[in-house]
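J.: Starting from these lines, generate the structure:
(one chain, ligands or ions: 1)
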Amino acid sequence: MKILIVGYGRMGREVEQVLVRRGHEIVGRVDEKPGVGDAPRPSPEMLKNADAAIEFSLPEGVEGNAAVYAAAGLSAVVGTTGWKDAEPRVRALVEKSGIGFVTGSNFSIGAHIFFALVGEAARLIDPFEDYDALLMEIHHNQKKDSPSGTALTAAERVLAGLSRKKRIATERLDRRIAPDELHVVSARVGTVPGTHTLLVDSAADSIEVVHTARSRSGFALGAVLAAEWIAGKKGFYDVRDFIADKFSKGS
Ligand SMILES: NC(=O)c1ccc[n+]([C@@H]2O[C@H](COP(=O)([O-])OP(=O)(O)OC[C@H]3O[C@@H](n4cnc5c(N)ncnc54)[C@H](O)[C@@H]3O)[C@@H](O)[C@H]2O)c1
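T.: Next up is the predicted model:
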């Protein structure tokens, strides 16, 4: 495919490497920062030649860029996070123009496999009261939020599958944990890109489901696979629609 990269920062460069590895052609690297990439805005030529755009920019740019894709009839994968307020307007633009558009806060295929395994583990231990569950996450010491979004999504999957857990406890506990609370613990150290563990524990044994991110390349691979998937489709999709479609084809 011929791909337009929009936002040539850390993720844009990861996407470029995956595109090259998978034999795609790059028609342009757009970045609003002067001197970064090929151009500050997509040229008519880039828009005409591209089969899809992959965007990892910053939130302020998403709505304007979506209008450009819509006008050019160009489908797009947008990994940029933090533009929830603009989503209804972007959705309307996409639906009116008939382009395909996939977005979501986590394009990592491995993380989605982890979510599915966590949900299944929770469902399997549901009938067995002896088994308790805990979620742990470790990230580098520059991360500003806790728990991570990935840990919260995994926690939602546990709550959905394990009827004796009703709520998440993320704070430090100066008391016994209530049986209906799922403890989600966060630790910060060094440069860890992100490790998430579901620990299932009983008096007899314990089981761990662990997702260990090595780099940002997992997000880039997911975005490129989503661009391959959106070709020929119309409409506004969440990355979960893309993953669910892939999972259903794999089984
Ligand atoms: N969905 C996911 O799986 C996933 C994974 C990682 C990062 N992200 C998100 O992707 C975004 C980018 O992350 P990053 O680490 O590459 O950031 P970054 O700061 O390294 O790169 C962003 C680049 O986008 C450029 N940019 C800003 N506005 C633009 C516009 N209107 N048009 C074109 N370029 C523009 C900036 O100049 C910068 O070079 C963030 O929102 C981040 O949260 C999402």
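
J.: by contact count, what packs against the helix or strand harbouring Arg91?
T.: Element membership for Arg91, per DSSP states H and E: helix 87-97. When contacts are defined as 3 or more Cβ pairs under 8 Å, 6 or more residues apart in numbering; DSSP states H and E, helix 87-97 packs onto helix 62-72, strand 100-103, strand 235-238. For glycine as for every other residue, the C-beta is placed from the backbone atoms N, C-alpha and C.

J.: Just the C-alpha atoms of the last one, please, in CSV.
T.: The C-alpha trace of strand 235-238 is given here as CSV (Å, rounded to 0.1, in the frame of the first residue of the first chain):
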residue,chain,number,x,y,z
GLY,A,235,-17.1,4.3,8.4
PHE,A,236,-15.7,5.2,11.9
TYR,A,237,-14.2,2.2,13.8
ASP,A,238,-12.6,1.7,17.1
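
J.: how far is that strand from where the chain is centred?
T.: Centre-to-centre, strand 235-238 and its host chain are 14 Å apart (Cα atoms, centre = their mean, to the nearest Å).

J.: same question, the longest one
T.: Counting by Cα atoms, centre = their mean, helix 62-72 is centred 21 Å from the centre of its parent chain.

J.: With stretch 203-223 instead?
T.: 13 Å.

J.: Equivalent analysis for stretch 200-213, please.
T.: Chain-centre distance of stretch 200-213: 24 Å, with Cα atoms, centre = their mean.

J.: Stretch 94-113 too?
T.: 9 Å.

J.: The residue lying closest to His211 once chain neighbours are set aside: which element?
T.: Distances taken as Cβ to Cβ, 6 or more residues apart in numbering place Phe114 nearest to His211, at 3.8 Å, with adjacent residues excluded. Assigned by DSSP H and E, Phe114 belongs to helix 109-125.

J.: Averaged pLDDT, that helix. What do you get?
T.: In this model, helix 109-125 carries a mean pLDDT of 97.

J.: Show me what that helix is packed against.
T.: Contact here means 3+ Cβ pairs under 8 Å, 6+ apart; on that basis helix 109-125 packs against strand 132-139, helix 149-161, strand 195-201, strand 206-212, helix 217-230, helix 239-250.

J.: List the contacts of the fifth one.
T.: For helix 217-230, contacts defined as Cβ atoms under 8 Å, 6 or more residues apart in numbering pick out 1, 3, 11, 14-15, 17-19, 22, 24, 52, 54, 56, 75-77, 79, 100-102, 106-112, 237, 239, 242, 245-246.
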